[in-house]
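Give me the fold of what follows.
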Amino acid sequence: MKSLARIGWFAWLGTALVVWFYPVSTRPGRLFLAASPPVLLITGSILLWRRKRLRLVPLVLLAILFCFVLAPGRETNRRRLRDRYVASLKSYEGVRYVWGGENRLGMDCSGLVRVGLIRASLSEAIATLNPRLARTALGLWWHDCTAKALKDEYHDRTRRLFVSPSVNRTDAADIQKGDMAVTVDGMHVLVYLGDAEWVEADPGIGKVIRARVPVIGNAWFDQRVHLVRWRELNDPAR
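Down below sits the predicted model:
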């Protein structure tokens, strides 16, 4: 019986890793991944029950995880989070374009902007022990979205700023690092990195690219766009 339980534990872990690394995320997949930490830790504790020094370790880890996520948070250092966000976006340069993709095995335009903020929020949450940012990361991970949803102030997590004739013609003085440009038809989104540089998961080129404006020959940089900002990155005074 114990050997079957051990096989089941490794089978669950293996399936979780496959779902995690598969580039296209689905609601059933996210539900399975959300259930995996408690299932693996509780069953791990059962499998280790005869080892007195180890049997409670998984349960203690589970309790710490839940307590951290549910604990009260505090105000975010937006400038530091914005810098982490930009650094996260830059790290995905060269990742191939996959429609619906959300990781290094494949990424689409809305997946890039979400995963970038998920990674930045989680890193900052751990570095500063701020549960609020951990919940931000989990919320962004759980709720998938399109470029159009970002333009439409998705789950009240984004804020529309203004409309611009194009990315090429957007005045850098009017935006800040981490701001997004969503085409008016809601088909594509790019993110400003600062110093006249933008990043996007470009379906035509087939990968994540960085480019300095003005960009010639790329239609995404010449379309009318809505400038949008993550509320988590929005300074209270702005």
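
Please enumerate the strands of the chain.
Along the chain, the segments classed as strands by DSSP state E run 102-103, 106-107, 158-164, 180-183, 189-194, 197-202, 207-212, 225-230.

Neighbours of Q223, how many?
The number of residues packed near Q223 is 19, by other CB atoms under 10 Å. Heads up, the C-betas are built off the backbone N, CA and C, glycines and all.

Touching, it and V189? I think so.
No: under the criterion of CB atoms under 8 Å, Q223 makes no contact with V189, lying 11.3 Å away.

which neighbours do those two share?
With contacts taken as CB atoms under 8 Å, 6 or more residues apart in numbering, the residues that reach both Q223 and V189 are T183.

right, and the strands of the chain - which one's nearest R53?
R53 lies closest to strand 102-103 among the strands of the chain, at 36.4 Å (CB to CB).

follow-up on the earlier one: can you put the strands of the chain in TSV and add mean pLDDT, mean neighbour count and distance to T146?
As requested, the strands of the chain are exported to TSV (pLDDT from 0 to 100; neighbours: other CB atoms under 10 Å; distance: least, CB to CB, whole Å):
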stretch	mean pLDDT	mean neighbour count	distance to T146
strand 102-103	93	19	12
strand 106-107	95	22	14
strand 158-164	95	16	12
strand 180-183	97	25	10
strand 189-194	97	23	9
strand 197-202	97	22	13
strand 207-212	97	18	17
strand 225-230	97	23	13
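
of those strands, which approaches F66 most closely?
Here strand 102-103 is closest among the strands of the chain (CB to CB), at 24.8 Å.

What sits closest to the one residue sitting closest to the centre of the chain if chain neighbours are left out?
What sits nearest the mean C-alpha location of the chain, by CA atoms, centre = their mean, is V115, with 2.2 Å. Leaving aside its sequence neighbours, V115 sits nearest to E102 (CB to CB, 6 or more residues apart in numbering; 5.3 Å).
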